[in-house]
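Asks: dropping a prediction and its sequence here:
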Amino acid sequence: MTDTLSTIKARTSANNFDTTHVMTAAEIEELVSYAQHAPTAFNLQNWRVVAFSSKAQKEALKAAAYGQQKVADAAVTFVVAGIKDGYKEIGRLAKPLLDAGAIDQAAYDGWVGMTVGSHENNPQLQHDEAFRSASLVSMTLMLAAQAKGYVSGPMSGFVPDQVSAVAGLGANEVPVMLIAVGRAADGNWPRKPRRALAEQVKIV
């Protein structure tokens, strides 16, 4: 394990993976368990992942991702999906805090009411929150992979309808990102140059 700041600086997008590396279901689930700690608006947790680890399934996903070889070469390639109607679950998700006495009934009712009221008739917000949540989860997943000694390669190059079909996503689930994870093979580029900090930050 490395410290958080070193992990952030060490992570870079990989294209070449050790094709002999196999990850167990327990190892895959452990990575996702770290990603569960990513924040989501209203604590909706409006995302899920489908982990492609078998050769046949990775080949099917590769076909939906413009033939990118890393999809098949990595030990596992994740489809990270956002859930557009995740707001419907807020009552169940918030109830443990109410039951534990961490919030009172008024806070619970306000939380649920605000969540449903802002999302129910707002498809743009539902879409945007699905993408935000899945993106935060994706970055957390990649940092967890880096900390565990793996490399990762995020991809936005895919055919959404085809990925949805291969991953078995529902009508209210949208594929946001593919992430290949595994051990590095030779040939990966070093960390790519970053813009000057002054180009990207303004302190007011």
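Replies: Everything's here; your move.
Asks: who's in contact with the residue nearest the centre of the chain?
Replies: Among the residues of the chain, the one closest to the centroid is residue 138, at 2.8 Å (C-alpha atoms, centre = their mean). Shown in contact with residue 138 (C-beta atoms under 8 Å, 6 or more residues apart in numbering): 35, 80, 154, 176-177, 179. In this view, the C-beta of every residue, glycine as well, is placed from N, C-alpha and C.
Asks: before we move on, what about residue 162?
Replies: Applying C-beta under 8 Å, 6+ apart to residue 162 gives the contacts 63-64.
Asks: starting at the chain centroid, how far to the host helix or strand of it?
Replies: Element membership of residue 162, judged by DSSP states H and E, is helix 160-167. In this view, helix 160-167 has its centroid 16 Å away from the chain centroid, taken as C-alpha atoms, centre = their mean, to the nearest Å.
Asks: render the CA-only coordinates of that helix in PDB, please.
Replies: Taking C-alpha atoms only, helix 160-167 is exported to PDB below (Å, rounded to 0.1, in the frame of the first residue of the first chain):
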ATOM      1  CA  PRO A 160     -23.400   2.900 -25.500                       C
ATOM      2  CA  ASP A 161     -26.200   0.800 -26.800                       C
ATOM      3  CA  GLN A 162     -23.900  -2.100 -27.500                       C
ATOM      4  CA  VAL A 163     -22.300  -1.900 -24.100                       C
ATOM      5  CA  SER A 164     -25.700  -1.700 -22.400                       C
ATOM      6  CA  ALA A 165     -26.700  -4.800 -24.200                       C
ATOM      7  CA  VAL A 166     -23.600  -6.800 -23.400                       C
ATOM      8  CA  ALA A 167     -23.600  -5.700 -19.800                       C
END
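Asks: who does whatever helix or strand comes next after that helix pair up with?
Replies: Going down the chain from helix 160-167, the next helix or strand is strand 173-182, by DSSP H and E. Strand 173-182 has these partner strands in its sheet, going by DSSP bridges: strand 76-83 (antiparallel), strand 151-155 (antiparallel).
Asks: which residues of the protein score low on pLDDT?
Replies: Counting by pLDDT under 70, the ranges of the chain that qualify are 1-2.
Asks: related to what we said a few turns ago, export the strands paired with strand 173-182 to TSV and tack on mean neighbour count?
Replies: Below are the strands paired with strand 173-182 laid out as TSV (neighbours: other C-beta atoms under 10 Å):
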stretch	mean neighbour count
strand 76-83	26
strand 151-155	22
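Asks: of all the ones you listed, which lies closest to residue 92?
Replies: Shortest separation from residue 92 across the strands paired with strand 173-182 is recorded for strand 76-83, at 13.6 Å, computed as C-beta to C-beta.
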